[in-house]
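Asks: coords please:
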Amino acid sequence: MAAEGEPRHDVRAGMHDPRIFDGAGELVDRTGLDDAEVDQIVRVMQSLRGWHDAARRMSEVSSRYMKLNETDMRALRFLIAARNQGEIATPGALSEYLGISSASTTKLLDRLERGDHITRSPHPTDRRALAITVTDETRAVARESVGRLHARRFAAAAALEPEEREVVIRFLDALSATELDLEHPHDG
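Replies: Residues are numbered from 1 along each chain as shown. Take a look at the predicted model:
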């Protein structure tokens, strides 16, 4: 705890500030950046953390509300998108999208069917496949919860000027490219 008269430091801010977590400059190259620029970069990182935390909380709330885990929620989003595009969703397409085995997909579909979230029926053109459809009730609940959230996120992006959106796209794509191979953390 800071003594009286001393500034109080927010530990969360220090998690993103290389002057604190990397004082010797061994990891973060701050060459050519003054303190104001580093402060601004730290605010960007804090905003990203805030976005990440808000997205995680919303995902948790939606999952609890619908009584589903994250993979189940991802599956429903895929199935709703397929339906909205007039596509016939199959277990194979879902398995590929989720990156899980066919056995895991079968268990997932069994769980979703027991919860009255989906129906399975014969595929109209492929005798070997099944067609998976989200129930109208689950689609309505997802639309009112997750759909409204996505509408607000779209509005936030739409409020930016086209040039600003391009900057955000470049930044987020660059962040995505920093993904570290956790099996070989020293290679990247």
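Asks: Three-state assignment for Glu26, please.
Replies: With DSSP: H, G, I helix; E, B strand; the rest coil as the basis, the three-state label of Glu26 is coil.
Asks: so how far is Val167 from it?
Replies: Remark: distance between Glu26 and Val167 (C-beta to C-beta, to the nearest Å) = 29 Å. Using the backbone N, CA and C atoms, a C-beta is placed for each residue, glycine as well.
Asks: which one of those two is surrounded by more residues?
Replies: Each of Glu26 and Val167 had its neighbours counted (other C-beta atoms under 10 Å), and the higher figure belongs to Val167 (11 against 8).
Asks: so that one is in which element?
Replies: In this assignment (DSSP states H and E), Val167 forms part of helix 162-176.
Asks: how about Ser121?
Replies: Taking DSSP H and E as the criterion, Ser121 maps to strand 118-122.
Asks: again, but for Asp29
Replies: Counting by DSSP H and E, Asp29 is held by no secondary-structure element, helix or strand.
Asks: now the phi/psi pair for it, please.
Replies: phi -80, psi 110 (degrees, to the nearest 10).
Asks: same question, Asp53
Replies: The phi/psi pair for Asp53 (degrees, to the nearest 10) is phi -60, psi -40.
Asks: no further questions, thank you.
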